[in-house]
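Asks: here is my input; please provide its structure:
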Amino acid sequence: MNLTEIFCGVFESKPAKVKPTVENIVSTVLQNDNYIYDGPWIAGGMGRQLAIGESDFSDIDVWFKSAEQLYKTKERLQEMFGSAIFESFSSDNAITYTCGDQKVQLIKRAYYPTINDVFKDFDFTCCMVAVDMEIKPFGPGVVHAKNGTLKLGRFDPNAFIARYGKYVGYGYVMEPKEFLEIIERPGINYEFDGTTLGY
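Replies: Numbers count the residues shown, from 1 in each chain. Prediction:
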């Protein structure tokens, strides 16, 4: 028994129907056979990590078409994992759950008509990667994720420096010319505390 199971048992006695493995979390989230078109979608960090062959995920980010879809996914997760899942943090950006040894973030800052709209919301192209039901990566960012290419997708002046530093730390490289052009843009935030980045 791990700490999650011990502490969750204090608050909720309902046993899990399945173990909180990555495979079971993904299959619980991606219920709809048309999920690629209809959502919800698992995209971002987990997809990027899969593309480079990693299997120890920092988190599982889930994106939605609507608040109703988020609510239904939340209910499914709670029904399937019972006392093995609990809410560990909530913000305007997401509801974060600890599910066994995994962190699952239900993104609520915005809702998206399609997976392509989710991809457009990412700041770097290497993050434009989603996860399918077989836990394989797909999307326009797969090649950049694999090649260690750091290229701007959507410019966020508030988060650019922090996010740039994070991905350079992962080993990603941006063309110097692109970097110099970006930091010439007005409004870049050089003073951040990490709590308002929205990622």
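Asks: contacts only, for Gly139.
Replies: Gly139 is in contact with 43, 47, 115, 119, 128-130, counting by C-beta atoms under 8 Å, 6 or more residues apart in numbering. In this view, the C-beta of every residue, glycine as well, is placed from N, C-alpha and C.
Asks: possible to save those residues as CSV with pLDDT and neighbour count?
Replies: Converted to CSV, the contacts of Gly139 look like this (pLDDT from 0 to 100; neighbours: other C-beta atoms under 10 Å):
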residue, pLDDT, neighbour count
Ala43, 98, 29
Gly47, 97, 29
Ile115, 97, 22
Phe119, 98, 24
Met128, 98, 27
Val129, 98, 29
Ala130, 98, 26
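Asks: out of those residues, which are inside helices?
Replies: With DSSP state H as the criterion, helices contain 47, 115, 119 from among the contacts of Gly139.
Asks: and the residues you listed as CSV, adding distance to Asn32?
Replies: Listed next are those as CSV, based on distance: C-beta to C-beta, whole Å:
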residue, distance to Asn32
Gly47, 18
Ile115, 13
Phe119, 19
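Asks: quickly name whichever of these is closest to Tyr170.
Replies: Relative to Tyr170, the closest of the ones in helices among the contacts of Gly139 is Gly47; by C-beta to C-beta it sits at 14.0 Å.
Asks: let's test this: mean pLDDT of stretch 92-106, rounded?
Replies: Across stretch 92-106, the average pLDDT comes to 95.
Asks: now do the buried residues in that stretch.
Replies: 93-100, 102-106 (16 or more other C-beta atoms under 10 Å).
Asks: follow-up on the earlier one: need the contacts of Gly139 in CSV (columns: distance to Thr28).
Replies: Output for these, formatted as CSV (distance: C-beta to C-beta, whole Å):
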residue, distance to Thr28
Ala43, 16
Gly47, 17
Ile115, 19
Phe119, 23
Met128, 24
Val129, 20
Ala130, 16
